[in-house]
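1. Give the three-dimensional model of this entry:
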Amino acid sequence: MVPHMISGDGNVALILNGRQFYIEREDSLREQVLTMLKEDATADEILTLIDKITPVSNYLEDSDVNVVDGVLTYCEEEVHNSLTERIIQFMQEGLPVQPLVNFLKKLMENPSFSARNELFDFLDHRSLPITEDGCFLAYKVVQYNYMDKYSGKVNNAVGGSVIMARYGVDDDRGNGCGSGLHAGTLEYVQSYGSFSDDDNSDKVVIVKIDPENVVSVPKDCDCQKLRCCEYSIVRNYEGEMEHNLYQDDGEEWDDVEDYEDVHDYYRDSNGHHIWN
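-> Have a look, this model is predicted:
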């Protein structure tokens, strides 16, 4: 009998050939492992199912990100957060993971420890999509002429970029209306903008943000908006972004079949987005 224990939360811990493995209750492999344990499968048989650490390490051997014995490292330093857990889960299940790895590498270049952690608050439950190159997309409300709402002087036309000095962005998440470049969820921009059917109605654009450029995520907006020092405007709003993975230019895939196949990987077993 393979040594194992099932916690009160339903997580499974087991020892396979001297190595310890943890399988969370939500893991798609859990039921298969439990069945194999009931059938008195050998450690080698169970390892064939769940031990994907070697292929994971080989897959990442040319990058700054590596996985050894189930632990993800960035530049040889261990990193533990919801994103690294998701990366390992995807690799163990053989799912496309490079966009998540790209996102992690960009995020780790952010000089602010607090900003790195706050960004997880923002993305983890807001279902905003990432792009293949590791950036992410968000919504921004602008005036009818694409000028910013606050000063009316900053052009947010599609195809352009907006940049300000990082030191000018308020890094205190306790300040809801601090200085900086703002973007957020659809719910946030809908509450902030003034929309009607006339020509002077506000518009919504989709902006692309590098995780490295995020400075703070205000708490008072329930983590629905963020402040950053740079973004690019990739397209006009044409409806809610329904998936969690987009092309680098912020557009959907032309090949609908491939598009659906890829995006299915970025949903959990209940069909929810990966950041939920």
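2. What's the separation between Asp248 and Pro129?
-> 12 Å (CB to CB, to the nearest Å). (Glycine included, C-beta is placed from N, CA and C.)
3. Please say which of the two ends up with more neighbours.
-> Using other CB atoms under 10 Å as the criterion, Asp248 and Pro129 rank with Pro129 on top: 23 against 14.
4. Was I right to think the more buried one contacts Leu137?
-> Yes. Pro129 lies in contact with Leu137 (CB atoms under 8 Å); the separation is 5.1 Å.
5. what residues are shared contacts of those two?
-> Met241, Tyr246 (CB atoms under 8 Å, 6 or more residues apart in numbering).
6. For stretch 16-36, what is the distance to the chain centroid?
-> Computed by CA atoms, centre = their mean, to the nearest Å, the chain-centroid distance of stretch 16-36 equals 25 Å.
7. So which elements touch the host helix or strand of Leu34?
-> Element membership for Leu34, per DSSP states H and E: helix 30-38. Judged by 3 or more CB pairs under 8 Å, 6 or more residues apart in numbering; DSSP states H and E, helix 30-38 is in contact with strand 12-16, helix 43-50.
8. quick one, helices of the stretch 101-250 of the chain?
-> Per DSSP state H, counting those that start in this stretch, the stretch 101-250 of the chain carries helices over the ranges 113-124, 186-192.
9. quick revisit: how about the helices and strands packed on helix 30-38 in CSV, adding mean neighbour count and mean pLDDT?
-> Formatted as CSV, the helices and strands packed on helix 30-38 follow (neighbours: other CB atoms under 10 Å; pLDDT from 0 to 100):
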stretch, mean neighbour count, mean pLDDT
strand 12-16, 16, 82
helix 43-50, 15, 82
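10. Output those in TSV, with distance to Lys203 appended to each entry.
-> Converted to TSV, those look like this (distance: least, CB to CB, whole Å):
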stretch	distance to Lys203
strand 12-16	50
helix 43-50	49
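11. Poorly predicted segments of the stretch 1-150 of the chain, please.
-> 20, 51-63, 69-70, 92-96, 121, 124-127 (pLDDT under 70).
12. contacting residues for the closest residue to Gly250 other than its chain neighbours?
-> In space, not counting the residues next to it along the chain, Gly250 is nearest to Val234; the distance is 3.3 Å by CB to CB, 6 or more residues apart in numbering. Val234 makes contacts with Leu137, Val158, Val205, Ile206, Val207, Lys208, Asp249, Gly250, Glu251, as judged by CB under 8 Å, 6+ apart.
13. How about the contacts made by the third one?
-> For Val205, the residues meeting the contact criterion (CB under 8 Å, 6+ apart) are Tyr139, Lys140, Val142, Tyr146, Asn156, Val158, Ile233, Val234, Arg235, Asn236, Tyr237.
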